[in-house]
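**Student:** Provided below are the primary sequence and the corresponding predicted coordinates.
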Amino acid sequence: MAPTGGPAGREEFRFRRLDKPEEFRAVEGLQREAWGMGEEVPVPTSLERAVQDNGGLVLGAFTDIHLAGFCFGFLGWDGEVLYHYSHMTAVRPPYQNHHLGARLKAFQREEVLRQGLATIRWAFDPLLSRNAHVFVRRLGARPDRYLVHYYGQLDSEANRGLETDRLRVIWELRNPAVERRLEGTLPTPEDDRQRLTASSALVTTEPAESGLRVPTEVTEPTGSPAHLEIPFDLALVRQHEPSKLRTWRHAVRDAFRGALDLGYLVDDFAVISTEHERRSYYFLRPPAPIAPSP
């Protein structure tokens with residue numbers, strides 16, 4: 001992997017598999033820092049080592065000798081397909097505006113391909129615009145399943161006050177569309193605006209007194225292309241409109257479940273800027289019509 005700039009000067013990130021006990025212990029600390037864990041227990045050093053040495057991957061991004069971010073995953077099997085399941089990816093806050101999460105996933109892709117596997121799966125909170133932008137927009141992973149309150153209640157700042165709904169994604173590593181995204185071939189802002197105009201809203205929103213948007217209505221898809229809005233910045237909702245966290249969770253849950261049950265596919269994500277605000281959308285396309293039997 002080529003180096004990239006860090007937050008202090010021109011630090012270089014180096015990507016490799018973790019090997020030393022102190023590196024695995026640093027992953028424990030980074031878990032606590034990234035998610036603001038309370039009584040919740042991080043994945044321990046002993047399990048990280050066992051996974052690393054038995055088909056899984058614990059990968060780190062280092063600046064000098066310091067761990068700036070990591071990925072943790074293991075082999076998965078659904079009865080038909082063997083794949084890599086990426087359970088955790090985290091980046092220290094000072095490095096989160098330097099595309100390190102995407103670079104970690106790209107390095108993970110290389111290592112998984114080296115293992116002879118073609119697919120990585122993982123799950124993330126569908127309300128997190130930053131994650132959706134990296135995973136769906138830049139990497140080309142495609143959501144296929146909505147998981148309701150997947151982990152149960154978690155005692156961490158990142159999850160406090162919210163049911164732990166997750167959106168599962170599948171990343172087909174050799175898919176030409178994925179390779180184009182990794183090369184930086186993305187729709188233009190004008191493409192995004194045209195697609196927004198040509199699609200129907202599954203979640204209608206209005207600005208609250210704080211100026212932040214909140215959901216007011218969920219609409220069932222009608223067979224045409226659709227878009228599904230989420231908060232541009234969930235942390236701001238948590239800070240200024242905490243009573244609307246559950247409103248957002250349930251609106252997005254209902255919209256996603258309704259669309260996926262009808263066979264809609266999520267095929268992109270975009271942040272669209274106007275003169276006054278930035279708004280975040282998943283784009284969904286309806287299922288292909290079934291050809292009539294001869």
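**Tutor:** It's in. Numbers count the residues shown, from 1 in each chain.

**Student:** what about residue 84, distance to residue 78?
**Tutor:** 12 Å (Cβ to Cβ, to the nearest Å). For every residue, glycine as well, the C-beta is placed using N, CA and C.

**Student:** who's more crowded, those two?
**Tutor:** Between residue 84 and residue 78, residue 84 has the larger neighbour count (other Cβ atoms under 10 Å), namely 27 against 9.

**Student:** what's near enough to touch the more buried one?
**Tutor:** Going by Cβ atoms under 8 Å, 6 or more residues apart in numbering, residue 84 touches 56-57, 73-76, 108, 112, 115, 117, 119-121.

**Student:** cross the residues you listed against helices and list the overlap.
**Tutor:** Among those, the ones falling in helices (DSSP state H) are 108, 112.

**Student:** most neighbours among the contacts of residue 84, which one?
**Tutor:** The most crowded member of the contacts of residue 84, judged by other Cβ under 10 Å, is residue 120 (26 neighbours).

**Student:** for that one, give me its contacts.
**Tutor:** With contacts defined as Cβ under 8 Å, 6+ apart, residue 120 is in contact with 73, 83-86, 108-109, 112, 141, 170-171, 173.

**Student:** now swap in residue 88 and tell me
**Tutor:** Residue 88 neighbours (Cβ under 8 Å, 6+ apart): 31, 43, 70-73.

**Student:** next: residue 38.
**Tutor:** 155-157.

**Student:** ok, back up a step: out of the contacts of residue 88, name the ones that lie in strands.
**Tutor:** 70-73 (DSSP state E).

**Student:** any idea which of these has the most stuff around it?
**Tutor:** residue 71 (27 neighbours).

**Student:** how close does that one get to residue 93?
**Tutor:** Taken as Cβ to Cβ, the span from residue 71 to residue 93 is 17 Å.

**Student:** so how far is whatever helix or strand residue 284 lives in off the chain centroid?
**Tutor:** Element membership of residue 284, judged by DSSP states H and E, is strand 278-285. Put simply, strand 278-285 sits 14 Å off its chain's centre (Cα atoms, centre = their mean, to the nearest Å).

**Student:** on contacts alone, who are the packing partners of that strand?
**Tutor:** Here strand 278-285 is seen to pack against helix 129-132, strand 226-230, strand 265-273 when contacts are counted using 3 or more Cβ pairs under 8 Å, 6 or more residues apart in numbering; DSSP states H and E.

**Student:** residue 253 is nearest to which of the ones you listed?
**Tutor:** Proximity to residue 253 (Cβ to Cβ) singles out strand 226-230 among the helices and strands packed on strand 278-285, at 10.8 Å.

**Student:** beta partners of residue 145?
**Tutor:** residue 168 (DSSP bridges).

**Student:** for it, which residues are in contact?
**Tutor:** Applying Cβ under 8 Å, 6+ apart, the residues near residue 145 are 167-168, 260.

**Student:** ok, and the most crowded of the residues you listed?
**Tutor:** For the contacts of residue 145, neighbours tallied by other Cβ under 10 Å; top is residue 167, 27 neighbours.

**Student:** ok, that one to residue 183 distance?
**Tutor:** The spacing between residue 167 and residue 183, counted by Cβ to Cβ, is 25 Å.

**Student:** can you map out the helices along the stretch 151-294 of the chain?
**Tutor:** Ranges of helices within the stretch 151-294 of the chain are 176-182, 189-197, 234-240, 245-261, based on DSSP state H, counting those that start in this stretch.

**Student:** now do the residue nearest the centre of the chain, the pLDDT please.
**Tutor:** When Cα atoms, centre = their mean is applied to the chain, the residue found nearest the centroid is residue 131 (3.7 Å). With respect to pLDDT, residue 131 scores 96.

**Student:** which secondary element of the chain has the worst mean pLDDT?
**Tutor:** None of the helices or strands of the chain scores lower by mean pLDDT, DSSP states H and E than helix 21-35, at a mean of 93.

**Student:** can you give me the buried ones in that one?
**Tutor:** Using 16 or more other Cβ atoms under 10 Å as the test for burial, helix 21-35 gives 23-24, 26-28, 30-31, 34-35.
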